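**Q** Build me a model:
(one chain, ligands or ions: 1)
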Amino acid sequence: MFDGHPGGEERQTTPTAIWSGLDNAWQEAFRQAWEAFRTGNIAVGACATTPDGAVVHAARNRVADSHAPVGEVFGSSLAHAEVNVVARLSFGKRKELVLTTTLEPCLQCSTVVRLGPIATVRFAGADPLWEGCHDFSPLSQREAARTHVEMIGPRGDVVGVFGTLISRFWDHGPKVQEFLRASGEADSLNLVRELKASGTMPKLAAMDVDVAFAYLWPQLKALSPRSKAR
Ligand SMILES: [Zn+2]
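**A** Reported below is the predicted structural model:
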């Protein structure tokens, strides 16, 4: 139903239509993030694809895991989704792959991406913790002269809101929470608190990620930047 308002694209459609409109890399990254959530890890997922969209490797956060596929990091604070994707790729080839991730990469992962065969990063959700940490060109003349990894994101839509929100299911501790609240995430963090207090988390974990996206749709729309701009 089109309501006649400019920029009302998301209000005229359904969460199911938005989800099915995501390309395979986005869907795979979110499937990975959801598996991270279900297994007690930080809900971030990522995948690398060829320029024509074929998935080369997909992986997820494994900070709380006790095992992982060979070549991936687990049971460590460094066991981030992007690390576990890039760790499995062949280096030394042309930097032409696309890394799609559900959350803006942290400093560690930006470094890993810089080292790996990645030309482009697409990320769904913004992460104020790591905004501005993706450009290494001020570090040296060699870095400044290199071709930079293209960063595309955050999406700025409900899918992006979802990417940030699910990463906040993990309790990052009071200092990080305070920073995030001051950075505009108070509503998201309050929603996470409500979901936990109401016993909704186990219900969400029992859903597939697209079903959870649809379940949270009203709250995601309320949190979306486009919604707040009105
Ligand atoms: Zn990271």
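**Q** so the spatially most central residue of the chain, which of the three states?
**A** With distances taken as Cα atoms, centre = their mean, Thr102 lies nearest the centre of the chain, 1.6 Å away. Put simply, Thr102 is strand when judged by DSSP: H, G, I helix; E, B strand; the rest coil.
**Q** who's in contact with it?
**A** If you count contacts by Cβ atoms under 8 Å, 6 or more residues apart in numbering, Thr102 has them with 29-30, 32-33, 43-46, 81, 123-125, 163, 166-167. Where you see a C-beta, it was placed from the backbone N, CA and C, and this is true even at glycine.
**Q** Distance of it relative to Ala205?
**A** 16 Å (Cβ to Cβ, to the nearest Å).
**Q** do Ser110 as well
**A** Going from Ser110 to Ala205 by Cβ to Cβ gives 29 Å.
**Q** right, and Gly71 touches Arg88 too?
**A** Yes: Gly71 lies in contact with Arg88 (Cβ atoms under 8 Å); the separation is 5.0 Å.
**Q** re the thing from before, between Ser110 and Ala205, tell me which one has more neighbours.
**A** With neighbours defined as other Cβ atoms under 10 Å, Ser110 and Ala205 compare such that Ser110 has more, 20 against 14.
**Q** Wait, a helix at the more buried one?
**A** Yes: Ser110 forms part of a helix when assessed by three-state DSSP.
**Q** What sits closest to it if chain neighbours are left out?
**A** Closest residue in space to Ser110, ignoring its immediate chain neighbours: His134 at 4.6 Å, by Cβ to Cβ, 6 or more residues apart in numbering.
**Q** State the pLDDT value of that neighbour.
**A** You'll see His134 listed with a pLDDT of 91.
**Q** hang on, it in a strand?
**A** No: read with three-state DSSP, His134 is coil and lies in no strand.
**Q** Low-confidence ranges, the protein, go.
**A** Within the chain, the ranges that satisfy pLDDT under 70 run 1-12, 226-230.
**Q** need the longest helix for it.
**A** helix 24-38 (DSSP state H).
**Q** contact partners of that one?
**A** By Cβ under 8 Å, 6+ apart, helix 24-38 touches 19, 22, 42-47, 49, 53, 55, 58-62, 81, 98, 100-103, 122, 124, 159, 162-163, 166-167, 169, 204-205, 208-210, 212-213.
**Q** Of the residues you listed, which belong to helices?
**A** Using DSSP H, the contacts of helix 24-38 in helices are 19, 81, 159, 162-163, 166-167, 204-205, 209-210, 212-213.
**Q** Quick one, which of these are buried?
**A** 19, 81, 159, 162-163, 166-167, 204, 209-210, 212-213 (16 or more other Cβ atoms under 10 Å).
**Q** Please identify the one among those that lies nearest to Val149.
**A** Val149 lies nearest to Ala81 out of those, by Cβ to Cβ, at 16.4 Å.
**Q** Could you give the number of residues near Val121?
**A** Val121: 24 surrounding residues under other Cβ under 10 Å.
**Q** pretty sure it contacts Leu97?
**A** No: Val121 lies out of contact with Leu97 (Cβ under 8 Å); the separation is 9.9 Å.
**Q** for the ion, what are the nearby residues on the chain?
**A** Contact residues, the chain versus the ion (Cβ under 5 Å from the ion): 80, 106, 108-109.
**Q** For the residues you listed, could you give me TSV that also reports neighbour count?
**A** Listed next are the residues of the chain next to the ion as TSV, based on neighbours: other Cβ atoms under 10 Å:
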residue	neighbour count
His80	28
Cys106	19
Gln108	15
Cys109	28
